[in-house]
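Trainee: predicted model follows, preceded by the sequence.
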Amino acid sequence: MIDKQTVEHVAKLARVNLTEEEIRKFSKEFSDILDLFSSLKDVDTKGVEPSFHPIKLKNVLREDKPEKCLTQEDALVNAEQKDDGFFKGPRSV
């Protein structure tokens, strides 16, 4: 069983104020949760490959191939503010 001091410590770390009733309630709930996790020790995992990620990872990005770049005129065609072949933005100090 998780004691009152442990629940108060966790609440302090989480910056949560708990009433005495909530402390009693969470003490029992934390104990129940730990009991459920301890039941995992009884599961037979022989022959099961470890899984470090629940979904098989694969590269979903396109292959990085060089392509033709935009010309300076094409890049600036929709720019409202441009000056001497460059984008013009607000002045910064």
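Mentor: Everything's here; your move.

Trainee: in this structure, which helix is the longest?
Mentor: Assignment by DSSP state H gives helix 20-38 as the longest helix of the chain.

Trainee: could you pull out the buried residues of that helix?
Mentor: By 16 or more other CB atoms under 10 Å, the buried positions in helix 20-38 come out as 23, 26-27, 30. C-beta: built from backbone N, CA, C; applies to glycine.

Trainee: pick out the most distant pair among these.
Mentor: By the measure CB to CB, 23 and 30 form the most distant pair in the buried residues of helix 20-38, at 10.4 Å.

Trainee: any shared contact partners between these two?
Mentor: residue 7 (CB atoms under 8 Å, 6 or more residues apart in numbering).

Trainee: contacts only, for the residue nearest the centre of the chain.
Mentor: Nearest to the geometric centre of the chain sits residue 53, at 13.9 Å (CA atoms, centre = their mean). For residue 53, the contact set (CB under 8 Å, 6+ apart) is empty.

Trainee: the chain should start at 365 in everything you say after this.
Mentor: OK, 365 is where the count begins now, so the last one is residue 417.

Trainee: shouldn't residue 379 be within a helix?
Mentor: No: with DSSP: H, G, I helix; E, B strand; the rest coil as the criterion, residue 379 is coil rather than part of a helix.

Trainee: can I get the CA coordinates of stretch 388-402 in PDB?
Mentor: C-alpha atoms of stretch 388-402 as PDB (Å, rounded to 0.1, in the frame of the first residue of the first chain):
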ATOM      1  CA  ARG A 388      -6.600   8.600   0.800                       C
ATOM      2  CA  LYS A 389      -8.300   7.900  -2.500                       C
ATOM      3  CA  PHE A 390      -5.000   8.300  -4.500                       C
ATOM      4  CA  SER A 391      -3.200   6.100  -2.000                       C
ATOM      5  CA  LYS A 392      -5.500   3.200  -2.800                       C
ATOM      6  CA  GLU A 393      -5.500   3.900  -6.600                       C
ATOM      7  CA  PHE A 394      -1.700   4.100  -6.700                       C
ATOM      8  CA  SER A 395      -1.500   0.800  -4.900                       C
ATOM      9  CA  ASP A 396      -4.000  -0.800  -7.300                       C
ATOM     10  CA  ILE A 397      -2.000   0.500 -10.300                       C
ATOM     11  CA  LEU A 398       1.300  -0.900  -8.900                       C
ATOM     12  CA  ASP A 399      -0.400  -4.300  -8.200                       C
ATOM     13  CA  LEU A 400      -1.500  -4.400 -11.800                       C
ATOM     14  CA  PHE A 401       2.000  -3.700 -13.000                       C
ATOM     15  CA  SER A 402       3.500  -6.300 -10.700                       C
END
